[in-house]
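Sequence first, then the predicted structure, then my questions.
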Amino acid sequence: MLIDANIFLEILLEQEKAEKCRKALIEVEKGKEATTTNFTIDSIIIVMNRKKATLSKIKLFIMSILSYKSLRIYHQTLRDRVHALDWMKKYNLDYEDALTLQSAISTGSKEILSFDSDFDKIKEIKRIEP
């Protein structure tokens, strides 16, 4: 399972579905295998910065990632980025979603944990919600 940025952001920005996301991430803390990407982490930091989160809150988020027992951080390659452009064209995705899709495929993930319904049109992977 690949975890999309919006799952973390629900919690960090104290949004409506934060509690559901918290429960899903607790499972990962306890050992349920999952993956996210360095690009996702950077995207979250950028959003937090734009929302005027304090540097200490941003640092706490980064440090919290280390506490997840079985969360793997995937570092996208240039080849992933090239393939993402193909997904953009095939499914009319934005770059962030296309790179997330390609990362899921590259890591062998069968599912993307996300609230983004753009993934529903993707035949290669299943979107799930917490």
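Cool, got the structure.

quick one: residue 114 and residue 7 touch, right?
Yes - Residue 114 is within contact range of residue 7, at 6.7 Å (criterion: CB atoms under 8 Å). Glycine gets a C-beta too; all of them are placed from N, C-alpha and C.

ok, these two, which is more surrounded?
A direct count of neighbours by other CB atoms under 10 Å for residue 114 and residue 7 places residue 7 higher, at 28 against 22.

What residues does the residue nearest to residue 4 when sequence neighbours are not counted make contact with?
Spatially, and ignoring its direct neighbours in sequence, residue 4 is nearest to residue 114 (3.5 Å; CB to CB, 6 or more residues apart in numbering). With contact taken as CB atoms under 8 Å, 6 or more residues apart in numbering, residue 114 is in contact with 3-4, 6-7, 100, 127-129.

From the residues you listed, pick the one nearest residue 49.
residue 6 (16.6 Å; CB to CB).

From the contact counts, what lies against the helix or strand where that closest one lies?
Element membership of residue 6, judged by DSSP states H and E, is helix 5-12. Packed against helix 5-12 by the contact rule (3 or more CB pairs under 8 Å, 6 or more residues apart in numbering; DSSP states H and E) you find helix 18-30, helix 38-50, helix 55-65.

Indicate which one of these is closest to residue 80.
Ranking the helices and strands packed on helix 5-12 by proximity to residue 80 (CB to CB) places helix 38-50 first, at 9.1 Å.
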